[in-house]
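> When you get a sec, could you give me coordinates for this:
(chains A, B, C and D)
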2 protein chains.
Amino acid sequence: MKPPSNAAAASTQPAIDVVYLISGAMNSELWHACAGPLVSLPPIGSLVVYFPQGHSEQVAASMKKDTENIPSYPNLPSKLICMLHNVALHADAETDEVYAQMTLQPVNKVGQMYDQEALLISDMGLKQNKQPAEFFCKTLTASDTSTHGGFSVPRRAAEKIFPPLDFSMQPPAQELVARDLHDQSWPFRHIYRGQPKRHLLTTGWSVFVSSKRLSAGDAVLFIRDEKSHLLLGIRRANRQQPALSSSVISSDSMHIGILAAAAHAAANNRPFTIFFNPRASPAEFVIPLAKYSKAMYTQVSLGMRFRMMFETEESGVRRYMGTVTGISDLDPARWKNSQWRSLQVGWDESTAGERPRRVSVWDIEPVVTPFYICPPPFFRQKFPGQPEDETDIENAYKRGIPWLDDFGMKDGSSSVFLA
Amino acid sequence: MKPPSNAAAASTQPAIDVVYLISGAMNSELWHACAGPLVSLPPIGSLVVYFPQGHSEQVAASMKKDTENIPSYPNLPSKLICMLHNVALHADAETDEVYAQMTLQPVNKVGQMYDQEALLISDMGLKQNKQPAEFFCKTLTASDTSTHGGFSVPRRAAEKIFPPLDFSMQPPAQELVARDLHDQSWPFRHIYRGQPKRHLLTTGWSVFVSSKRLSAGDAVLFIRDEKSHLLLGIRRANRQQPALSSSVISSDSMHIGILAAAAHAAANNRPFTIFFNPRASPAEFVIPLAKYSKAMYTQVSLGMRFRMMFETEESGVRRYMGTVTGISDLDPARWKNSQWRSLQVGWDESTAGERPRRVSVWDIEPVVTPFYICPPPFFRQKFPGQPEDETDIENAYKRGIPWLDDFGMKDGSSSVFLA
DNA sequence: GTGTCGGCTGTAGGCCGACAA
DNA sequence: TTGTCGGCCTACAGCCGACAC
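You can find the predicted model right below:
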């Protein structure tokens, strides 16, 4: 029996958020907190661009296997414009790994105007910021995960997230209950003691650690939602991932299945279903059409300077500077003229070993003002130039969204596109 | 560092067994003990018949999902004759579930004579009995899995499998070490005590139970190999299986991938890889060509009586009697004229709720003497009639294997085949 | 401010025979 | 023959402040 708190809480959220809560019986805030600050799912009903190569990369990363043996699918283009019919948020029952199930339906691009509402929804999705304000994330120490003691709560985190303690008690303490992604309750004793004084979770903590099989290096995160309910999620360290040997289907068949399902759906204009694992996938492969379209107006050239966002430890965001060093196909044999990771890049900082050597145009933010082609009018009034990032959804709607205008443009305008 | 005991032990086994040990670094005896008495993998280098429908059924059973949404693959026949290039035995790292990875290469049937040696190997595979003689299997009781005590070893099992105790000790006891499918060692204290006296595993047992996450109803099995090494496997109760929600690939894409991979391999005569899960799959779907061919000579008619083998509790084998009640396509829309589960059957015993209502011809043993068509000569000397089941491999080889002869027969002889 | 440790304490893990099915 | 239980003991889970970085 699940409490109706989620549905009730949703009424205070923007409308776009509600559809997530309805379609997947999962707390959206908690899901996004676990997914990380860079993950922003396109809204239901919007138009997206699906990249089979990126999907294949996710499977390869999950299976720890390359994609060399995969046959090419000549009839499957490198990108599919799709209507996003449904998004359901999930978490793996065993590992609590978050993932999203998306239902995509390919739409006919050539000679067909996209639904205006779908385009607007697509653009509104760009402005979503899913990271909850009232949350903290701590990487577990050896002491935290040892059976010898409890969990040391960072002072600011405890004061921001937990209900205030009654300091007239000696020592101040209270019972907390936090719910995880599966809506399971975890009770903890929260106490403020020691010399010097600190916040601790004691009774209940070790059963949580052993149940979730947490070890040092994994992270836990606490959220306080609008009704002061505590939510609890985990993010496992990257070193884990037991390669998911599957034992059900071969890695090759999986890759073929991915491509064949998409090809079949595209050929018959039928919906198909994909899974997106934010923390396992090297990059997002379902891109809001507005984001993609906006990126297509970016003039990219060798030597171009750009910024790109990465997640930091403790769930922060940082921008790194880089330079475009090449523009070419990632896989010329199987995916000719694909825009997926078509940019070869170098990074300013020498500690850039973890950062990708190839990115896609929509991943980057040019540091010079991008050059915009002024498109024919689509909305009543046109807005000349690039809107600021800070513009909220309402303003963008009122002014019109110029970069959405002529997405159905012909190949003749390919000078602003990548080869 | 793995001890060379496996390779050394293999030298005392028939040649066919060696290839398993080489290709998969896994104890073949233990694997087969865990797989159950009915599972017999075709030997490497033999010809087999692969049924995509059966493969699809395994996936559906693993995913707890039906196959309704799967598109038909018009270019993929309901069966593929394949050369079995490789078989690797595996066990899931998390659950110890046994499975086999097979590499199959479709061979051209029409107008091509099969390799004679491959046919012989295919037939030899029928005679393999993989169940080790020195083994026992016990379903765990509540007391066995409780933290309150150890494991009560059935008397006969302890006397047959474990090294003999020194009964001059009071009480008689010894330290045992057993290796599991992953070659991991598990030490146990084996003691003979209590009133009345019984064999118990005490120290070490509970860590094994908790590590493998065993609970009452699961079964453990012990094997003593030729060098008196103890081997240890588990068979989980059927009720478990958390549906394997995958979170990597949708069930539909998996099914499509299965079919597309096979179709691609068949179209290009390229090898493809499949996984066979003996305990998850409703039926074997890679059948030795000899077994299939033999079954094709069986005259099946409505009302025909037959026997079929099933696994009992405690890893035994029992035959149940049944009657053929119908002959028809399981899935007329997608798999027209398929032999997969083309027989509708009824069972004699009313407790037959668990037994399938549809089986394939090669699953059953007719109780009346089958009618054999005498095929044209293929080997030097012909053997008129059906060899007895008890014939060993050597004799079968000397006499020739008549039912292998004209497998490449034309549709004109389809009167003995199912429609 | 917080990670790790030694000390203390209580619970439950785990070994035993009794007893019954 | 073997499944479950009560009795008993001890190992370690788990709460505490000390102390150092």
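
> C-alpha from now on. contacts and neighbour counts both.
Noted.

> which residues of the stretch 1-150 of chain A fall in strands?
In the stretch 1-150 of chain A, the strands defined using DSSP state E, counting those that start in this stretch lie at A:47-50, A:80-91, A:98-106, A:135-139.

> Tabulate the ones you listed in JSON lines, adding columns for mean pLDDT.
Converted to JSON lines, the strands of the stretch 1-150 of chain A look like this (pLDDT from 0 to 100):
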{"stretch": "strand A:47-50", "mean pLDDT": "94"}
{"stretch": "strand A:80-91", "mean pLDDT": "94"}
{"stretch": "strand A:98-106", "mean pLDDT": "95"}
{"stretch": "strand A:135-139", "mean pLDDT": "91"}
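
> Looking at the ones you listed, which is nearest to DNA strand D?
Taking C-alpha to the nearest atom of the strand, strand A:135-139 is the member of the strands of the stretch 1-150 of chain A nearest to DNA strand D, at 17.3 Å.

> Run through the neighbouring helices and strands of the closest one.
helix A:155-161, strand A:219-224 (3 or more C-alpha pairs under 8 Å, 6 or more residues apart in numbering or on different chains; DSSP states H and E).

> wait, does stretch A:162-179 contact DNA strand C?
No - using C-alpha under 7 Å from any atom of the strand, stretch A:162-179 stays clear of DNA strand C, coming no nearer than 13.5 Å.

> Around DNA strand C, which positions in chain A sit nearby?
Contact residues (C-alpha under 7 Å from any atom of the strand) of chain A with DNA strand C: A:141-144, A:148-149, A:152-156, A:195-198.

> Out of those residues, which two are the most distant from each other?
Spanning the widest gap among those are A:H148 and A:R156, at 24.2 Å by C-alpha to C-alpha.

> Other residues contacting stretch A:48-65?
For stretch A:48-65, the external contacting residues (C-alpha atoms under 8 Å, 6 or more residues apart in numbering or on different chains) are A:42, A:66-67, A:78-84, A:122, A:241, A:243-245, A:251, A:254-255, A:258-259, A:262, A:276-277, A:280-290, A:292, A:340, B:248-249.

> Which ones, among these, also lie beside DNA strand D?
Filtering the contacts of stretch A:48-65 for proximity to DNA strand D by C-alpha under 7 Å from any atom of the strand leaves nothing.

> Among those residues, name the ones in helices.
Applying DSSP state H to the contacts of stretch A:48-65, the entries found in helices are A:S122, A:S251, A:M254, A:H255, A:I258, A:L259, A:A262, A:L289, A:A290, A:Y292.

> number of nearby residues for the fourth one?
Translated: A:H255. By the criterion of other C-alpha atoms under 10 Å in any protein chain shown, A:H255 has 28 neighbours.

> can I assume it is in contact with B:G257?
Yes - judged on C-alpha atoms under 8 Å, A:H255 makes contact with B:G257 at a distance of 7.3 Å.

> Could you list the low-pLDDT ranges of the stretch 201-350 of chain A?
Within the stretch 201-350 of chain A, the segments meeting pLDDT under 70 span A:239-245.

> List the residues that contact the spatially closest residue to A:G36 that is not a sequence neighbour.
If the residues on either side of it in the chain are set aside, A:G36 comes closest to A:S315, at 6.3 Å by C-alpha to C-alpha, 6 or more residues apart in numbering or on different chains. Residues near A:S315 by C-alpha under 8 Å, 6+ apart: A:G36, A:P37, A:C137.

> Need the phi and psi values for A:S315.
Dihedral pair for A:S315: phi 70, psi 30, per degrees, to the nearest 10.
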